[in-house]
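Undergrad: Test case, fold it:
(2 chains)
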Amino acid sequence: MTAPLLSVRDLKTYFVTPAGTARAVDGVSWELRPGETLAVVGESGSGKTVTSLSILRLIPEPPGHVLPGSLIEFEGRNLLTLSPPELRAVRGNGIAMVFQEPTVSLNPVFTVGDQIAEVARVHLGLSRVEARARAVEMLEQVGVPDAARRADEYPHQLSGGTCQRVMIAMALICHPKVLIADEPTTALDVTVQAQILELLERKQAELGMAVLLITHDLGIVAGVADRVAVMYGGQVVETAATRDLFAHPLHPYTAGLLASVPRLDGGRGRLSGIPGGVPPATAWPSGCRFHPRCPHAWDRCRTDEPPLLDGPAPGQSARCWLVTEPGRRKAT
Amino acid sequence: MSALVQVEGLVKHFPVRRGLFGLGAREVVRAVDGVSFEIPAGRTLALVGETGSGKTTVGRALLRLVEPTDGRFTFDGIDVFGLGSPELRALRRRMQVIFQDPSGSLNPRMTVGEAIAEPLVIHRLASRAERPARVTELLAEVGLDAGFAPRYPHELSGGQRQRVGIARALALRPQFLICDEPVTALDVSVQAQVLNLLKDLQQAHGLTYLFIAHDLAVVRNVADRVAVMYAGRIVEEAPVDRLYAAPRHPYTRSLLSAVPVPDPDAPRNRIVLSGDVPSPVSPPDGCRFHPRCPHPLKGERCAREAPELRDFGGDQRAACHFGEKPM
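TA: Next up is the predicted model:
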């Protein structure tokens, strides 16, 4: 097995809030290997976005802080201990990021060409003229028609889909080894989403980069991910190869999520859903954090917190006592 | 028997002025440009489309939250667009709306109980003494216990707030509910609960729904009939099973193919459309979809002549010159 390119080990990111300490990310570990796509899936409040922001140290401190003992290792270095200039070199050249809201992430008072060129000047040391040419070339590469003219436009003149292409152009200009895409298509219409997903897949194949995809959409996961980490309550509750996860979800939360999704080939029947809602990060339940919503929970789940336990399929593990006591799984 | 909701030739144009401080040329945004449909009592019609298709404007025009430019809306035999304001207020008792963002549509300074009772107060439907019992009853209908009445919206989760929005809409015992993206802002596990609730309420009260949404998988789960909008017009309309199994319009076909399917082994025949939805100020001539249309037979006629909605049997209608030979 190839060595991981980016590994996160026991990451804990907490926030101080008036309601107490929010343990938004609470002991997350996973590995991203070269060229692969790892999807981190979860609902609001699961900690998936805080995880992605912690990697490039984009958490506002205070109120947030990454706890000592957390490790984010990229090419043999712990990103959490890098100096600001070292970190700046990693951002862009090593790890780049695309966010959910392209229209918000772009600066409204500069042309998109200038914004892409700025990245090239800062990270690649290009001259003004070279950077401009590189920006136009990048816009062409991400499928923006009439790129030379579009480069002179401001974000408000472009559609959401085009803005996201601009963000991708900025992220890819330095050929990063890892692209973190945090809900890259959530704000977009479905036909535009299809364009952006195709673009990301094509660029990934061309550049051989690894992609960390943060999403809530299991449909997108099924289409693009090699492996999946499902998050709940600030923790990874299940991790598996994509096919194993969809075919045999081990964790009841994963199974519940899959059963909640309405399907194009489904009928008008009731969706099974998951009762209740996500608890606040300031007060995770005792034992297994999912037990109040779990149809299988028994006494042990209320008191003992399960570790990630290896399941039958290679590479599949779940934070659930059912892995060791499968007989307790109720028919649903 | 005629349908409870009948909409004919609905048009909504917004005049706009371009340029700095609106001093530029006068233009017209053709948000809705000739939309007709019917919904029989107790049924659900889903209006599906992407940003800018005009689906939300249709809902707002029916409620006269924006004044329609042209067209006719008959509700239970009443000509809604011809009503004066007192009659309209009386009719609003029978037609209610649920919005996408429940936190934006609830007053943050009102408790849940006050928010649900407000329509009863305005329409003088329950005395002060009767109100608490009625609020408890409405909360129970949406799956919340009476303990929620004294709480404020910010204390609730998104799903709970949407339940309150539904309880408030139900307070006047309406017959017709316009649901505008009611589950879009919710997480998938909560979305499933709210969809189930909407279906239960429909069954219990015989409600008629206009369900406005962009998510075709959600629509599949709630609708009897689906109308697909593109650039202000309905391009296809059919019973739900038929539309999903055998779409006639290339836009419907492309939309369906673009929905990510939560199954890693599902065949992926995604049709990736180029470009964006056209500007409603200057929609393309002929078929409004033709610049993006992936249909192999697409020709010069599509750029020239706007196709009418035509009947293809099985209660399916599509506006495509090549509807006989779907993609």
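Undergrad: distance of the residue nearest to residue B:111 when sequence neighbours are not counted from residue A:113?
TA: Closest residue to residue B:111 apart from its sequence neighbours, by CB to CB, 6 or more residues apart in numbering or on different chains: residue B:150 at 5.4 Å. Using the backbone N, CA and C atoms, a C-beta is placed for each residue, glycine as well. In this view, residue B:150 and residue A:113 are 55 Å apart by CB to CB, to the nearest Å.
Undergrad: Please say which of the two ends up with more neighbours.
TA: More neighbours surround residue A:113 than the other of residue B:150 and residue A:113, with 23 against 11 (other CB atoms under 10 Å in any protein chain shown).
Undergrad: pLDDT at the residue nearest to residue B:111, what is it?
TA: Looking at residue B:150, its pLDDT is 94.
Undergrad: how far away is residue A:39 from chain B?
TA: Per CB to the nearest CB, to the nearest Å, residue A:39 is found 11 Å from chain B.
Undergrad: er, residue A:84 I mean
TA: 36 Å.
Undergrad: and that residue, how many neighbours does it have?
TA: By other CB under 10 Å, neighbour count at residue A:84 equals 8.
Undergrad: Please give me every residue in contact with it.
TA: For residue A:84, the contact set (CB atoms under 8 Å, 6 or more residues apart in numbering or on different chains) is empty.
Undergrad: same check, this time on residue A:312
TA: Applying CB under 8 Å, 6+ apart, the residues contacting residue A:312 are residue A:248.
Undergrad: likewise residue A:302?
TA: Taking CB under 8 Å, 6+ apart as the definition, contacts of residue A:302 comprise A:286, A:287, A:288, A:291.
Undergrad: Could I get the pLDDT score of the last one?
TA: Okay, so that is residue A:291. The predicted local confidence for residue A:291 is 96.
Undergrad: how many other residues sit next to residue A:2?
TA: Neighbours of residue A:2 under the rule other CB under 10 Å: 8.
Undergrad: next one: residue B:296
TA: Residue B:296 has 9 neighbouring residues, counting by other CB under 10 Å.
Undergrad: quick one: contacts for the residue lying farthest from the centre of chain A?
TA: Relative to the mean C-alpha coordinate of chain A, counting by CA atoms, centre = their mean, the farthest residue is residue A:129 (34.8 Å). Applying CB under 8 Å, 6+ apart, we find residue A:129 in contact with no residue.
Undergrad: ok, now how distant is it from residue A:121?
TA: 11 Å.
Undergrad: Kindly report the same for residue A:144.
TA: According to CB to CB, residue A:144 stands 20 Å off from residue A:121.
Undergrad: Between these two, point out the one with more neighbours.
TA: Neighbours per residue (other CB under 10 Å) separate residue A:144 from residue A:121, with residue A:144 holding more: 22 against 17.
Undergrad: What helix or strand is residue A:196 located in?
TA: Under the criterion of DSSP states H and E, residue A:196 resides in helix A:190-207.
Undergrad: ugh, wrong one, residue A:220
TA: Using DSSP H and E, residue A:220 maps to helix A:218-224.
Undergrad: Any idea how far that helix is from the middle of the chain?
TA: 13 Å (CA atoms, centre = their mean, to the nearest Å).
Undergrad: And the contacts of the following helix or strand past that helix?
TA: Once the chain leaves helix A:218-224, the next helix or strand it forms, by DSSP H and E, is strand A:227-232. Residues from elsewhere that reach strand A:227-232, judged by CB under 8 Å, 6+ apart: A:28, A:30, A:36-43, A:46-48, A:51, A:221, A:236-242, A:245, A:251, A:253-254, A:257, A:278, A:289-290, A:315.
Undergrad: so the residue most central in space within chain A bridges to which residues?
TA: The geometric centre of chain A, computed from its C-alpha atoms, lies nearest to residue A:214 (CA atoms, centre = their mean), at 2.1 Å. Judged by DSSP bridges, the bridge partners of residue A:214 are residue A:40, residue A:182.
Undergrad: so what pLDDT did it get?
TA: Reported pLDDT for residue A:214: 94.
Undergrad: Many thanks, we can stop here.
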